Structure formats: C-alpha cells, structure tokens
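Mind folding the following:
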Amino acid sequence: MPDGWEVQYDLDPLVNDANEDDDGDGYTNLKEYKRKTMPDDYNSQPSKAMPWLPLLLGE
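Model prediction:
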C-alpha cells in the first residue's frame, strides 16, 4: 500500500499493517486498498456482488 494512502487513513507507513482490519468490517487494510474502500469506515466495504472477482485479482 502506498505511504500516502496509509497516512490519509491514519495508518502507519512504517509498520506492516496490510493484514490488519482497523475498522473491524472483516476486510484487511490491503483488501480495502485494492478495492478502493476506506479502511477506517466500517460501512465502507468491498462489494460482495461478484464472488469471482478475487479470482481475477489473484487474491
């Protein structure tokens, strides 16, 4: 995740927090970054409408 994105959402760019879930919505910070959602907002979650999408994204 880019440092600027981490700073924007009050994450620490000096710490590997990609696998953490700061807002407790069940999605890691890395998944929220990749899906363009906000890792500090429980209501901002990646869409579940396309269950095959992670296969295309290599997740």
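
Quick check: closest non-adjacent residue to residue 46.
Distance criterion CB to CB, 6 or more residues apart in numbering; nearest residue to residue 46, sequence neighbours excluded, is residue 35 at 3.8 Å. Placement of C-beta: from N, CA and C, glycine included.

got it, and residue 29?
residue 39 (4.6 Å).

Would you mind measuring from that neighbour to residue 15?
According to CB to CB, to the nearest Å, residue 39 and residue 15 sit 14 Å apart.

the more surrounded of the two?
A side-by-side neighbour count of residue 39 and residue 15, using other CB atoms under 10 Å, places residue 39 first with 25 against 9.

The protein: helices as residue ranges?
3-8, 29-34, 53-57 (DSSP state H).

Would you convert the ones you listed into a markdown table that also reports mean neighbour count and mean pLDDT?
Formatted as a markdown table, those follow (neighbours: other CB atoms under 10 Å; pLDDT from 0 to 100):
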| stretch | mean neighbour count | mean pLDDT |
| --- | --- | --- |
| helix 3-8 | 12 | 96 |
| helix 29-34 | 20 | 94 |
| helix 53-57 | 11 | 68 |
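
Surely residue 33 touches residue 4?
No. In this structure, residue 33 is not within contact of residue 4 by CB atoms under 8 Å, at 11.2 Å.

which one of the helices of the chain lies closest to residue 21?
helix 29-34 (7.0 Å; CB to CB).

and the closest one, what other elements does it pack with?
Helix 29-34 sits against no helix or strand, with contacts defined as 3 or more CB pairs under 8 Å, 6 or more residues apart in numbering; DSSP states H and E.

and for it, what are the contacting residues?
1, 5, 9, 11, 17-22, 38-39, 44, 46, 57, 59 (CB atoms under 8 Å, 6 or more residues apart in numbering).
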